[in-house]
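Engineer: Quick one: sequence plus predicted model below, questions after.
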Amino acid sequence: MTATTSTAVSAETVDERHPETVTSATGAGDTMERVTSHPEYELQAPTSDLRIRALDPLPAPVDMLAELPLGTARGDLVTQSRREIRDVLAGDDDRLLVIVGPCSVHDPEAALDYAHRLAAVAKDLSEDLAIVMRVYFEKPRTTVGWKGLINDPDLDGTHDVNRGLHLAREVLLGVLDAGVPAATEFLEPTSPQYIADAVSWGAIGARNVESQVHRQLASGLSMPVGFKNATDGDIQIAVDGCITAASEHTFFGTDGAGRAAAVETAGNPDCHIILRGGRSGPNYGPDDVASALRVAASSGLGGAVEHGLVIDASHGNSGKDHVRQAEVVREVATRIAEGEAGITGLMMESFIVAGAQAPAPRGLVYGQSVTDKCIDWDTTAELLGELAESVRARRAL
C-alpha cells in the first residue's frame, strides 16, 4: 500500500466527492483520513489496522541526509574513529575505549554543551583514551515511559517523530563538529537509515540482545557494535548475538528512499560484548571478566568478539546509583593499572549535573538526565584523568 497522508482503519466510509479518500472512525472515537492509490483494495480489507490510530508519513532518509548532510570533515572523523575503535577492540591499540555521556539526550543545547567540554578533555587524553560520546536518542522501556528524543522530542506525549529525527541528526552533526565521535543504541530497525552514517559505535541493549531483528540489524551496520549481556546477566546470549551479527543475513527493511526492501548484509565482524550486570548483581569483577572472555573465545571468531570486552559501570554494575558508578570506574582503573589486560573499554553515564529528574516538557534542570542518574561533569573529568593514568601505568609494567 502506498499512503500519502495519515491513516487508520475501522468502520470505514468513502467520501463520494473524493473516492480515493477513506475516512475511518477508530475504536477510540477518533476520525482520520487516508489517501491511497488503491482505495478499492482498502475497502476490501476491513480486518487490517483495527488498533492503529494513525500512520504519519516520515521523510525519506535520503531527503533528510540531503537536508542535513554529513559532509567531508565529519565523514572523515567518523571513518577514522571507527577504525580506531576497531583497533582497540581487536587488541591492536593499547588505549582504553571510553564511551561516556548522558543516559539519553533530551535537550540538544545541553548535549552540545557537554560535547564541547568532552572534546577538550578527549584531545588532552588522546594518547591513552579513545573517547566516544554517548549520544542516545532511543530508550527501551521495561514497561512504559519516555522513549527518547526521536520518539517524543517535546517530552509531552505528542510523539512528533519527524521533528525528533531532525533533532537527532542535528545533534549528531553538532557533536561531530565539536570534534567528538558519537555512540548510540539502535532500537528501531528503521532509524539507522536517518542517523547511522554519523555514528562511530553502536549498541544493542540488554532487552534486545536476543532479538533476531536486532542481531540482523547489527550485521549490516557499518560500525563496531557492542552487545550487552541479558538483563538476567547471561553472557552467552551476548556472544551468540555477536556470532549471529558476524554472519550474512537477508531481512525486511527499507532503502534510502523509504521503500520496503529485502536487505542483504555481509555480516559485521566488529561486534563485541559488554558486561552491564544483571538481576543477580554486578559482573565487572576479575573473575567475571575472565569468565566472559572464555565464553567469547569459544565463539572462534577472534578479533573484537574475543578481545573487545567493555565494562558498563552503570546499570546492573552500580545499581543505577551514580555515586556507586564512580566507585566502579575507580575500581576498574585500579585493576587496569595493576596490569589486568582483559578490559578494553569502559562505559559511563555522565552529564553536566549529577543525578536525574523526571521527564517533563518544561521546568527541567539544565544539564541533568531525565532517565538514569548520571555522574556530574567535574567528577567525569576527574575519572577520565584517572583512567588515562591507569593506561599509562599498565604500559609501564
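Structural biologist: Perfect, I can see it now. Residues are numbered from 1 along each chain as shown.

Engineer: Name the spans of the stretch 1-150 of the chain whose pLDDT lies under the cut-off.
Structural biologist: Along the stretch 1-150 of the chain, the model assigns pLDDT under 70 to residues 1-45, 142-143.

Engineer: give the contact list for Q216.
Structural biologist: Contacts for Q216 (CB atoms under 8 Å, 6 or more residues apart in numbering) come out as 244-245, 249, 251, 265. For glycine as for every other residue, the C-beta is placed from the backbone atoms N, C-alpha and C.

Engineer: can you tell me which of the residues you listed are in strands?
Structural biologist: Counted as lying in strands by DSSP state E, out of these, are 249, 251, 265.

Engineer: Of these, keep whichever come out buried.
Structural biologist: Buried residues within those, defined by neighbour count using 16 or more other CB atoms under 10 Å: 249, 251, 265.

Engineer: Could you dump the residues you listed into CSV with distance to A90 and pLDDT added?
Structural biologist: Listed next are those as CSV, based on distance: CB to CB, whole Å; pLDDT from 0 to 100:
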residue, distance to A90, pLDDT
H249, 23, 98
F251, 27, 96
T265, 20, 98
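
Engineer: Can you add distance to T79 and give those residues back as a markdown table?
Structural biologist: Formatted as a markdown table, those follow (distance: CB to CB, whole Å):
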| residue | distance to T79 |
| --- | --- |
| H249 | 24 |
| F251 | 26 |
| T265 | 20 |
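
Engineer: and which of the residues you listed is nearest to V132?
Structural biologist: Using CB to CB, T265 comes nearest to V132 of those, at 23.4 Å.

Engineer: surely that closest one meets E248?
Structural biologist: Yes - in this structure T265 lies within contact range of E248 using CB atoms under 8 Å: 6.0 Å.

Engineer: anything in contact with each of these two?
Structural biologist: Common neighbours of T265 and E248, using CB under 8 Å, 6+ apart, are S219.

Engineer: From Y284, how far out is E327?
Structural biologist: 11 Å (CB to CB, to the nearest Å).

Engineer: Which one of those two is surrounded by more residues?
Structural biologist: Y284 (23 against 12; other CB atoms under 10 Å).

Engineer: Enumerate every residue touching that one.
Structural biologist: 275, 277, 311-313, 317, 328, 331-332.

Engineer: that older thread, nearest to I336, of the contacts of Q216?
Structural biologist: Nearest to I336 among the contacts of Q216 is A245, at 27.4 Å by CB to CB.

Engineer: That closest one: what's its closest spatial neighbour, skipping adjacent residues?
Structural biologist: Closest residue to A245 apart from its sequence neighbours, by CB to CB, 6 or more residues apart in numbering: A218 at 3.9 Å.

Engineer: for the helix or strand that neighbour falls within, the distance to its chain's centre please.
Structural biologist: Assessed by DSSP states H and E, A218 sits inside helix 212-220. How far helix 212-220 lies from its chain's middle: 13 Å, per CA atoms, centre = their mean, to the nearest Å.

Engineer: Just the CA atoms of the following helix or strand past that helix, as CSV, please.
Structural biologist: The helix or strand immediately downstream of helix 212-220 is strand 225-228, counting by DSSP H and E. Only the C-alpha atoms of strand 225-228 are listed here, as CSV (Å, rounded to 0.1, in the frame of the first residue of the first chain):
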residue,chain,number,x,y,z
VAL,A,225,28.6,-2.8,17.7
GLY,A,226,28.5,-3.9,21.4
PHE,A,227,26.1,-6.5,22.6
LYS,A,228,25.2,-6.2,26.3
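
Engineer: quick one: strand 225-228 to chain centroid distance?
Structural biologist: 10 Å.

Engineer: before we move on, the earlier item: name the nearest of the ones in strands among the contacts of Q216 relative to D154.
Structural biologist: Among these, F251 lies closest to D154 (CB to CB), at 32.4 Å.
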